[in-house]
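Structural data only, the sequence is not supplied:
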Ligand SMILES: NC(=O)c1ccc[n+]([C@@H]2O[C@H](COP(=O)([O-])OP(=O)(O)OC[C@H]3O[C@@H](n4cnc5c(N)ncnc54)[C@H](OP(=O)(O)O)[C@@H]3O)[C@@H](O)[C@H]2O)c1
């Protein structure tokens, strides 16, 4: 897996106005990222999961949408590789994060981006549980990704890894906010939940490399 360090070094230039965004997710041959929207599935194999943890360790922060947290109750830490746990960032416009979630039990508490219209009792409760609440004026009731990225930069985040789920991946790609991509393809079809992509323009991937990791195929490249 030495290719990962080489690729990261080659594609590591950080934009001026926001963190460098790396999108990483796993899909099956038919483009499914889980069985059903609220039903998780370990899409990638053991070796690719190790690779994803190595990638986590190379980023300052890791971001997911609230529906992934509700569906998977993930830890989003570095368990299968050496390195520090990244700061977890959750897009949760209405502060739906359950107090029982594993992310609130971790030592490093999550940062939650929500819209300014959330009831203050929700932010007080999650704040007491240790989460950092970042309220912002939203766009169509959801977190404004451009503003959020600027804020993350001000908070010292230089490298951000976006892990999902489908709606968040679609939003980052649709807003051309992905600098580089590590896509893991598992050689099977499940006809499950797919990314609800809505691109305004084609996004050609450049500098493409293809690697075999266990049974999976890993595609690496950059958009900018
Ligand atoms: N295969 C993989 O690599 C992988 C990785 C991660 C997840 N998954 C799977 O993905 C599925 C969950 O994906 P999902 O599409 O249902 O949800 P998601 O992308 O995890 O979360 C979407 C939610 O994030 C919130 N959000 C806030 N601001 C947003 C913005 N600007 N753009 C987009 N979302 C914003 C919205 O909820 P509010 O309006 O309430 O804020 C939105 O409904 C699960 O099945 C999970 O297992 C797969």
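That came in fine, so what should we check first? Because the structure is predicted, anything quoted here is derived from the model rather than measured.

how many other residues sit next to residue 94?
Other residues within reach of residue 94 by the criterion other C-beta atoms under 10 Å amount to 15. Quick note: C-beta positions are derived from backbone N, CA and C, even for glycine.

which one is it nearest to, not counting chain neighbours?
residue 118 (5.8 Å; C-beta to C-beta, 6 or more residues apart in numbering).

Pretty sure that neighbour sits in a helix.
No: judged by DSSP: H, G, I helix; E, B strand; the rest coil, residue 118 forms no part of a helix; its state is coil.

touching the ligand at all, the worst-scoring helix or strand of the chain on mean pLDDT?
Of all helical and strand segments in the chain, the minimum by mean pLDDT, DSSP states H and E falls on helix 120-128, at a mean of 94. No: with C-beta under 6 Å from any ligand atom as the criterion, the ligand is not reached by helix 120-128; the gap is at least 11.6 Å.

Return the distance of that helix from the chain's centre.
Taking the mean C-alpha point of helix 120-128 and that of its whole chain, the gap between them comes to 24 Å (C-alpha atoms, centre = their mean, to the nearest Å).

Does anything pack onto that helix? Which helices or strands?
Using 3 or more C-beta pairs under 8 Å, 6 or more residues apart in numbering; DSSP states H and E, the elements in contact with helix 120-128 are strand 132-136.

how about the helices in the chain?
For the chain, the helices identified by DSSP state H occupy 2-10, 46-57, 66-72, 102-105, 120-128, 145-154, 166-174, in order along the chain.

okay if I get these as JSON lines plus distance to residue 113 and mean neighbour count?
JSON lines is the format used below for those (distance: least, C-beta to C-beta, whole Å; neighbours: other C-beta atoms under 10 Å):
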{"stretch": "helix 2-10", "distance to residue 113": "25", "mean neighbour count": "13"}
{"stretch": "helix 46-57", "distance to residue 113": "19", "mean neighbour count": "20"}
{"stretch": "helix 66-72", "distance to residue 113": "10", "mean neighbour count": "20"}
{"stretch": "helix 102-105", "distance to residue 113": "14", "mean neighbour count": "16"}
{"stretch": "helix 120-128", "distance to residue 113": "12", "mean neighbour count": "14"}
{"stretch": "helix 145-154", "distance to residue 113": "5", "mean neighbour count": "17"}
{"stretch": "helix 166-174", "distance to residue 113": "11", "mean neighbour count": "20"}
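
and this protein, which residues reach the ligand?
Applying C-beta under 6 Å from any ligand atom, one finds that the chain approaches the ligand through 25-26, 33-34, 37, 40, 43, 64-68, 71-72, 91-94, 96, 142-143, 145, 163-168, 171, 193.
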